[in-house]
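S.K.: Below is the structure, and that's it, no one-letter string:
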């Protein structure tokens, strides 16, 4: 695997219930891509072999959140990319903490 990304999406909404709804829509889309996803309390991590695919997924996440709020959205995106080698997988990073 050559790349992984983590996305924290912060939709501008009027209440927590709407915020959760928007974030849930974004996570549902991420899962629908077939990429390996890990949902955490502050961000969702996604891994894949192709950085272009991952960046397209991130862009679509912003579109989904933006359409759901009409007020705007902020996002923090972390990217690990190694064009010539492997990145640490989600499994290697967190499995030992969930036994």
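M.R.: That came through, no problem. Values in this document were obtained by computation on a predicted structure and should not be read as measured data.
S.K.: Just checking the distance from the helix or strand containing residue 56 to the centre of its chain.
M.R.: Per DSSP states H and E, residue 56 falls inside helix 51-69. Relative to its chain's centre, helix 51-69 lies at 9 Å (Cα atoms, centre = their mean, to the nearest Å).
S.K.: and that helix, which residues are buried?
M.R.: For helix 51-69, burial by neighbour count (16 or more other Cβ atoms under 10 Å) applies to 51, 54, 57, 58, 61, 62, 64, 65, 66, 68, 69. Every residue, glycine included, has its C-beta placed from N, CA and C.
S.K.: Can you give the contact residues for that helix?
M.R.: When contacts are defined by Cβ atoms under 8 Å, 6 or more residues apart in numbering, helix 51-69 is touched by residues 2-5, 7, 9, 11-13, 18, 21-23, 25-26, 29-30, 33, 35, 46-48, 72-73, 75, 77, 79, 81, 83.
S.K.: Which ChimeraX command selects the buried ones in the residues you listed?
M.R.: The buried subset of the contacts of helix 51-69, as determined by 16+ other Cβ under 10 Å, is captured in ChimeraX by this line:
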select :2,3,4,5,7,9,11,13,22,23,25,26,30,33,35,46,47,48,73,75
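S.K.: Give me the contact list for the helix or strand of the chain with the lowest mean pLDDT.
M.R.: In the chain, no helix or strand scores lower on mean pLDDT, DSSP states H and E than helix 90-94, which sits at a mean of 90. Contacts to helix 90-94, defined as Cβ under 8 Å, 6+ apart, come from residues 4, 36, 38, 45, 47.
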